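S.K.: Predicted coordinates and the sequence they were generated for:
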Amino acid sequence: KVAALARTAEEAARRAGPSARRVDLGEACVGPGFIDTHIHALQAAADARLVSLREAGSLDELLSAVREAGLGRRPGEWTVSGRNWHESRLREDRLPTRAELDALGLRGPALVRRGSHLAVANSDAIALLGAASLPGDAAETGRIDADPLIKRALGLAGEPTPGQRRDDLALVLARFAARGITTIREAGVDGAELALFQALRDQGRLPLRCDVLWRIPEGSDTGEARRLIAAMPQPGPADDPWLRLTGVKAFVDGRIADAAVGADGDEEHLRITPPDLQMIVEDALSRSAGVGCHAVGDAAVRMVLDAYQRALAAGLVADPRRLVVEHALSCTPETIARLAASGVGVSAHPAIVYEFADDVRRYWGTDRAARAAPVRDMVAAGVRVAAGSDGDVPPFDPLRGVSFMVTRSASSGGPIGEGQAVDPRVALDLYTRCGAALLGAGTRRGRLRPGMDADLAVFSADPLACPAAELPDVEVLATMLGGKPVHDPGRLMEGIGGA
């Protein structure tokens, strides 16, 4: 725990007592650890052993990375890419084709994944999947956008062992800790994935505090959703300091290209009907303390709000912050006012707009792009909002997220939504104090106060004094969880135990 705060070294020494160890950090700055309220550590871990395409800036670079990885493989061995990249970052602004993958001369199947729901396969992979059984023109183009087919391809490619999956997840969580993150909310697990987190907790290998949501896979019908909710394990103690199952995750609309951003109901882009969503929310609250609904566009957010307000009126949940709207990237002023009045939580992810600004402009138009990720308006209205990254496809680095919230300077195409820029203090607050409040841990985490958990990050420069554009370059010199160093490459905290 944090024992005391002091303004001078002398005062700190007096309050700490003679047995305390002194660590001189020089010009470094200490702050509360970051809290990411919506992240996909499991997706990042699943990509850990795959071909990374994140740095590719053109199709040539992407294809070269696939070729380099695949040419050294045995005949018949699969080459599979990670999913944390997007074609909008390529100069050609398109996916590769089956013919382009065939031209690489690999001696086995190849699957280039983009995100979790889209992939391109070469001819060898198409043959193994059964060309005649593929939908549409997938056999000709190689483009696969059916989750069951992608899952089958990954099964043919060979899944990591449970031990490898645990190691990969531990590696990803350590990467998060290295950027000052001390708490995450994992946005969807199934039983086997929950077991990975539990194993790391039991082995003492969790470098972060982890809240997790029980996932209803996208596209599940109501019967399947209800079966999955019924199969959800009973949540453990609400005060478990390491791992908590805190609710159910459901999908209401799509992503940027197919979000329900239109007026009225925008039924074309909604994935669920209002009665079915109400049923899922009520079933979820009968089994857990919370719900998180993926809702990107305004029509989806309104539908979720309707369901949440009915649940609140029925007394199904006491704290409205346990009902969370995930994303809420496109909201009208009227919807923002409703969010504020309802008291429900919003996990906002400006990093999505940073990473995919070109797509936001293309699919949403000028007016909606100017209001994308309306964090400023939400804060001003009093919405119970906190920050998350939706990483690892958008960048998970909280300092990158803070930088974008302040500058609104996107990864491509220049600034976007400058009217939604916020003060650095507000941006940092959204990643710390507000995150703890959203997770129901506001009395324990998110601030440096006596008696609160000593979840700390040590920065090479003061994030409040550093130019916002330079924040992604600020080093995290150390990260501490409960007073124990979990990231300390310079061994600044060597010998310090937990408290």
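M.R.: Structure received.

S.K.: thinking residue 115 is in contact with residue 88, fair?
M.R.: No - with contacts counted by Cβ atoms under 8 Å, residue 115 stays clear of residue 88, the gap being 11.5 Å. Using the backbone N, CA and C atoms, a C-beta is placed for each residue, glycine as well.

S.K.: These two - which one has more neighbours?
M.R.: A direct count of neighbours by other Cβ atoms under 10 Å for residue 115 and residue 88 places residue 88 higher, at 18 against 14.

S.K.: what's the nearest residue to the more buried one if we skip its chain neighbours?
M.R.: Leaving aside its chain neighbours, residue 88 sits nearest to residue 358 (4.8 Å; criterion: Cβ to Cβ, 6 or more residues apart in numbering).

S.K.: Which of the three states applies to that neighbour?
M.R.: Per DSSP: H, G, I helix; E, B strand; the rest coil, the secondary structure class of residue 358 is helix.

S.K.: For it, the count of nearby residues, please.
M.R.: Counted with other Cβ under 10 Å, residues neighbouring residue 358 total 19.

S.K.: Now do it, the pLDDT please.
M.R.: Among the per-residue scores, residue 358 shows a pLDDT of 93.

S.K.: what's it in contact with, if anything?
M.R.: 88, 93, 412, 413 (Cβ atoms under 8 Å, 6 or more residues apart in numbering).

S.K.: now those as CSV including distance to residue 201 and secondary structure?
M.R.: Listed next are the contacts of residue 358 as CSV, based on distance: Cβ to Cβ, whole Å; DSSP: H, G, I helix; E, B strand; the rest coil:
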residue, distance to residue 201, secondary structure
88, 37, helix
93, 43, coil
412, 39, coil
413, 42, coil
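
S.K.: Show me which pair in the residues you listed is furthest apart.
M.R.: Largest separation among these by Cβ to Cβ: 93 and 413, giving 11.6 Å.

S.K.: Contacts only, for residue 456.
M.R.: Contacts of residue 456 (Cβ under 8 Å, 6+ apart): 30, 31, 32, 33, 182, 448, 478, 479, 480.

S.K.: got any ranges where the stretch 351-499 of the chain has weak pLDDT?
M.R.: 497-499 (pLDDT under 70).

S.K.: Helices along that one, start to end?
M.R.: Ranges of helices in the stretch 351-499 of the chain, per DSSP state H, counting those that start in this stretch, are 357-370, 375-381, 398-407, 424-430, 433-438.

S.K.: so what does the third one touch, helix or strand wise?
M.R.: The reference is to helix 398-407. Applying 3 or more Cβ pairs under 8 Å, 6 or more residues apart in numbering; DSSP states H and E, we find helix 398-407 packed against helix 350-355, strand 384-387, helix 424-430.

S.K.: go again using 6 Å as the cut-off
M.R.: Judged by 3 or more Cβ pairs under 6 Å, 6 or more residues apart in numbering; DSSP states H and E, the packing partners of helix 398-407 are helix 350-355, helix 424-430.

S.K.: Name the SS class of residue 94, please.
M.R.: Quick answer, by three-state DSSP: residue 94 is coil.

S.K.: For it, which non-adjacent residue is closest in space?
M.R.: With Cβ to Cβ, 6+ apart as the criterion, residue 94 has its nearest non-adjacent residue at 5.5 Å, and that residue is residue 87.

S.K.: Looking at the backbone only, give me phi and psi for the one you found.
M.R.: When quoted as degrees, to the nearest 10, the phi and psi of residue 87 stand at phi -60, psi -20.

S.K.: which of the helices and strands packed on helix 398-407 is buried the deepest?
M.R.: helix 350-355 (a mean of 27; mean count of other Cβ atoms under 10 Å).

S.K.: Residue 214 belongs to a helix?
M.R.: No - Residue 214 is assigned strand when assessed by three-state DSSP, not a helix.

S.K.: need the contact list for it.
M.R.: 232, 248 (Cβ atoms under 6 Å, 6 or more residues apart in numbering).

S.K.: For it, list each beta-bridge partner.
M.R.: Beta-bridge pairing for residue 214 (DSSP bridges): residue 189, residue 248.

S.K.: thinking residue 330 is in contact with residue 297, fair?
M.R.: Yes - if you go by Cβ atoms under 6 Å, residue 330 and residue 297 touch, sitting 4.9 Å apart.

S.K.: Spell out which residues are contacts of both of those two.
M.R.: Joint contacts of residue 330 and residue 297 (Cβ under 6 Å, 6+ apart) are residue 261.

S.K.: Could I get the contacts of residue 456 in JSON lines, plus columns for distance to residue 376 and neighbour count?
M.R.: Converted to JSON lines, the contacts of residue 456 look like this (distance: Cβ to Cβ, whole Å; neighbours: other Cβ atoms under 10 Å):
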{"residue": "30", "distance to residue 376": "28", "neighbour count": "15"}
{"residue": "31", "distance to residue 376": "22", "neighbour count": "18"}
{"residue": "32", "distance to residue 376": "22", "neighbour count": "26"}
{"residue": "33", "distance to residue 376": "25", "neighbour count": "29"}
{"residue": "182", "distance to residue 376": "26", "neighbour count": "29"}
{"residue": "448", "distance to residue 376": "26", "neighbour count": "16"}
{"residue": "478", "distance to residue 376": "32", "neighbour count": "26"}
{"residue": "479", "distance to residue 376": "29", "neighbour count": "27"}
{"residue": "480", "distance to residue 376": "32", "neighbour count": "25"}
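
S.K.: quick one, helices of the stretch 51-200 of the chain?
M.R.: Counting by DSSP H, counting those that start in this stretch, the stretch 51-200 of the chain has helices at residues 59-70, 98-102, 123-129, 138-141, 147-157, 162-177, 191-202.

S.K.: Adding mean neighbour count and mean pLDDT as columns, could you present those helices in TSV?
M.R.: What follows is those, written out as TSV (neighbours: other Cβ atoms under 10 Å; pLDDT from 0 to 100):
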stretch	mean neighbour count	mean pLDDT
helix 59-70	18	97
helix 98-102	18	97
helix 123-129	19	95
helix 138-141	18	88
helix 147-157	15	92
helix 162-177	19	97
helix 191-202	16	97
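
S.K.: do you know which of those helices lies nearest residue 241?
M.R.: With Cβ to Cβ as the yardstick, what comes closest out of the helices of the stretch 51-200 of the chain is helix 191-202 (9.8 Å).

S.K.: beta partners for residue 487?
M.R.: Counting by DSSP bridges, residue 487 forms beta bridges with residue 479.

S.K.: That one: what's it in contact with?
M.R.: Per Cβ under 6 Å, 6+ apart, neighbours of residue 487: 177, 178, 479.

S.K.: Grab the nearest non-local neighbour of the second one.
M.R.: Looking back up the chat, that one is residue 178. Nearest one to residue 178, counting by Cβ to Cβ, 6+ apart, is residue 487 at 4.8 Å.

S.K.: I'd like the distance between the one you found and residue 275.
M.R.: 47 Å (Cβ to Cβ, to the nearest Å).

S.K.: again, but for residue 250
M.R.: According to Cβ to Cβ, residue 250 and residue 275 sit 14 Å apart.

S.K.: Next: residue 373.
M.R.: For residue 373, the distance to residue 275 - Cβ to Cβ - is 30 Å.
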